[in-house]
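Engineer: From the sequence below, what's the structure:
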Amino acid sequence: MKIILRNSSDMPIYEQIEEQLKSGIMNGEIPEGEQLPSIRMLAKDLRISVITTTRAYNDLVEQGYLTSVTGKGYFVARRNNELLRERMLSDMEQSFYQAIESGHNAGLSDEEIIEFLRRILNEQHS
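Structural biologist: The predicted structure is shown next:
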(Lines give C-alpha, C1' and ligand atoms only; values in the text may rest on other atoms or scores of the structure.)
Protein backbone atom coordinates (compact mmCIF):
# COMPACT_ATOMS: atom_id res chain seq x y z
CA MET A 1 0.00 0.00 0.00
CA LYS A 2 1.30 3.40 -0.95
CA ILE A 3 0.90 6.16 1.65
CA ILE A 4 0.43 9.63 0.22
CA LEU A 5 1.13 12.59 2.47
CA ARG A 6 -0.32 16.03 1.78
CA ASN A 7 1.67 18.90 3.22
CA SER A 8 -1.24 21.23 2.47
CA SER A 9 -3.58 19.21 4.71
CA ASP A 10 -4.62 20.54 8.10
CA MET A 11 -4.35 16.96 9.36
CA PRO A 12 -1.02 16.15 11.06
CA ILE A 13 1.22 13.71 9.18
CA TYR A 14 0.87 10.94 11.77
CA GLU A 15 -2.93 11.14 11.43
CA GLN A 16 -2.67 10.98 7.63
CA ILE A 17 -0.64 7.79 7.99
CA GLU A 18 -3.12 6.38 10.52
CA GLU A 19 -6.16 7.12 8.36
CA GLN A 20 -4.64 5.58 5.24
CA LEU A 21 -3.55 2.45 7.10
CA LYS A 22 -6.97 2.13 8.77
CA SER A 23 -8.64 2.44 5.39
CA GLY A 24 -6.35 -0.18 3.86
CA ILE A 25 -7.00 -2.55 6.74
CA MET A 26 -10.77 -2.06 6.69
CA ASN A 27 -11.12 -2.54 2.92
CA GLY A 28 -8.85 -5.61 2.94
CA GLU A 29 -6.05 -4.01 0.93
CA ILE A 30 -3.74 -4.79 3.86
CA PRO A 31 -4.65 -8.31 5.01
CA GLU A 32 -4.82 -9.56 8.56
CA GLY A 33 -1.43 -10.73 9.80
CA GLU A 34 0.59 -8.78 7.22
CA GLN A 35 3.78 -7.25 8.51
CA LEU A 36 4.09 -3.51 8.01
CA PRO A 37 7.33 -1.77 7.11
CA SER A 38 9.54 -1.08 10.10
CA ILE A 39 9.20 2.32 11.74
CA ARG A 40 12.59 3.36 10.38
CA MET A 41 11.87 2.07 6.88
CA LEU A 42 8.52 3.87 6.69
CA ALA A 43 10.09 7.08 7.99
CA LYS A 44 12.84 6.80 5.38
CA ASP A 45 10.41 6.03 2.54
CA LEU A 46 8.13 8.94 3.46
CA ARG A 47 11.04 11.24 4.33
CA ILE A 48 9.63 12.02 7.74
CA SER A 49 10.72 11.69 11.35
CA VAL A 50 10.92 8.30 13.07
CA ILE A 51 8.98 9.96 15.90
CA THR A 52 6.07 10.59 13.52
CA THR A 53 5.89 6.99 12.31
CA THR A 54 6.25 5.72 15.87
CA ARG A 55 3.29 7.86 16.92
CA ALA A 56 1.15 6.56 14.04
CA TYR A 57 1.97 2.91 14.70
CA ASN A 58 1.51 3.22 18.48
CA ASP A 59 -1.86 4.92 18.03
CA LEU A 60 -2.94 2.11 15.68
CA VAL A 61 -1.86 -0.50 18.23
CA GLU A 62 -3.85 1.32 20.91
CA GLN A 63 -6.90 1.43 18.63
CA GLY A 64 -6.66 -2.30 17.87
CA TYR A 65 -5.63 -2.13 14.21
CA LEU A 66 -2.05 -3.34 14.71
CA THR A 67 -0.14 -5.60 17.06
CA SER A 68 3.48 -5.15 18.03
CA VAL A 69 5.73 -8.19 18.30
CA THR A 70 8.95 -7.41 20.14
CA GLY A 71 11.95 -7.90 17.90
CA LYS A 72 9.81 -8.61 14.83
CA GLY A 73 7.78 -5.48 14.15
CA TYR A 74 4.20 -4.42 13.57
CA PHE A 75 1.49 -6.62 12.09
CA VAL A 76 -2.13 -6.07 11.10
CA ALA A 77 -4.20 -7.29 14.02
CA ARG A 78 -6.79 -10.00 13.80
CA ARG A 79 -9.85 -8.08 12.79
CA ASN A 80 -13.01 -7.54 14.66
CA ASN A 81 -14.57 -5.65 11.76
CA GLU A 82 -17.65 -4.59 13.66
CA LEU A 83 -15.65 -3.11 16.52
CA LEU A 84 -13.27 -1.32 14.16
CA ARG A 85 -16.18 -0.02 12.10
CA GLU A 86 -17.91 1.29 15.22
CA ARG A 87 -14.74 3.12 16.25
CA MET A 88 -14.43 4.69 12.83
CA LEU A 89 -18.08 5.77 12.84
CA SER A 90 -17.65 7.26 16.30
CA ASP A 91 -14.56 9.18 15.15
CA MET A 92 -16.44 10.41 12.08
CA GLU A 93 -19.40 11.51 14.19
CA GLN A 94 -17.13 13.50 16.51
CA SER A 95 -15.46 15.14 13.51
CA PHE A 96 -18.85 16.07 12.05
CA TYR A 97 -19.94 17.66 15.32
CA GLN A 98 -16.74 19.71 15.42
CA ALA A 99 -17.08 20.69 11.76
CA ILE A 100 -20.72 21.74 12.19
CA GLU A 101 -19.84 23.80 15.25
CA SER A 102 -16.98 25.47 13.38
CA GLY A 103 -19.27 26.18 10.43
CA HIS A 104 -21.93 27.72 12.63
CA ASN A 105 -19.29 29.78 14.45
CA ALA A 106 -18.20 31.06 11.03
CA GLY A 107 -21.77 32.11 10.31
CA LEU A 108 -22.62 29.34 7.84
CA SER A 109 -26.14 27.96 7.55
CA ASP A 110 -26.84 24.21 7.68
CA GLU A 111 -27.34 24.26 3.91
CA GLU A 112 -23.95 25.93 3.37
CA ILE A 113 -22.27 23.36 5.60
CA ILE A 114 -23.92 20.51 3.66
CA GLU A 115 -22.85 22.05 0.35
CA PHE A 116 -19.29 22.37 1.65
CA LEU A 117 -19.31 18.68 2.59
CA ARG A 118 -20.58 17.78 -0.89
CA ARG A 119 -17.69 19.71 -2.48
CA ILE A 120 -15.17 17.91 -0.31
CA LEU A 121 -16.70 14.53 -1.18
CA ASN A 122 -16.56 15.39 -4.87
CA GLU A 123 -12.88 16.32 -4.54
CA GLN A 124 -12.18 12.99 -2.82
CA HIS A 125 -13.75 11.08 -5.71
CA SER A 126 -11.88 13.02 -8.38
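Engineer: did I read that right, residue 116 in a helix?
Structural biologist: Yes. Assignment of residue 116 by DSSP: H, G, I helix; E, B strand; the rest coil places it within a helix.
Engineer: Tell me how many other residues crowd it.
Structural biologist: Residue 116 is flanked by 13 other residues according to other CB atoms under 10 Å. (C-beta placed from N, C-alpha, C; glycine too.)
Engineer: ok, now residue 14?
Structural biologist: By other CB under 10 Å, the residues close to residue 14 number 20.
Engineer: Spatially nearest residue to residue 72 (excluding sequence neighbours)?
Structural biologist: Sequence neighbours aside, residue 35 is the residue nearest to residue 72 in space, at 7.6 Å (criterion: CB to CB, 6 or more residues apart in numbering).
Engineer: So, low pLDDT: which residues of this protein?
Structural biologist: Counting by pLDDT under 70, the ranges of the chain that qualify are 80-81.
Engineer: what about the longest helix in the chain?
Structural biologist: Longest among the helix segments of the chain by residue count, using DSSP state H, is helix 81-105.
Engineer: ok, back up a step: wait, the residue nearest to residue 72 sits on residue 74?
Structural biologist: Yes. A contact is recorded between residue 35 and residue 74 when judged using CB atoms under 8 Å, the distance being 7.1 Å.
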